[in-house]
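K.L.:
need coordinates for the following:
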Amino acid sequence: MEKALNQGSELGLSYVIFDLSGVPIIDTMVANHIFNVVDAPELIGIQSILTGARPEIA
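P.N.:
Residues are numbered from 1 along each chain as shown. This is a model prediction of the structure:
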């Protein structure tokens, strides 16, 4: 999360894409952390896009 915020701010990004295609299973703890990571860039004006979630995970 910290790296996404720092790099996004330094590079002046408008959006950041988080790809979950390599994540085999998501429990509630991991899901909570993912939501925090996805929401954080929006605090500094960067739109977050979440992609790659398989149907059974979504």
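
K.L.:
how distant is the lengthiest helix in the chain from the center of its chain?
P.N.:
Longest among the helix segments of the chain by residue count, using DSSP state H, is helix 28-39. Distance of helix 28-39 from its chain centroid, counting by CA atoms, centre = their mean, to the nearest Å, is 8 Å.

K.L.:
what's it in contact with?
P.N.:
Met1, Ala4, Phe18, Leu20, Val23, Ile26, Ser48, Leu50 (CB atoms under 8 Å, 6 or more residues apart in numbering). For every residue, glycine as well, the C-beta is placed using N, CA and C.

K.L.:
and stretch 36-46, what's buried?
P.N.:
Neighbour-count burial for stretch 36-46, counted by 16 or more other CB atoms under 10 Å, picks out Val37, Val38, Ala40, Pro41, Ile46.

K.L.:
ends of it, what's the gap?
P.N.:
14 Å (CA to CA, to the nearest Å).

K.L.:
quick one: which of the buried residues of stretch 36-46 is nearest Leu11?
P.N.:
Ile46 (9.7 Å; CB to CB).

K.L.:
go ahead and confirm that closest one touches Glu10.
P.N.:
No - with contact defined as CB atoms under 8 Å, Ile46 does not count as touching Glu10 (11.5 Å).

K.L.:
flag the shaky bits of this protein, pLDDT-wise.
P.N.:
Of all residues in the chain, none has pLDDT under 70.
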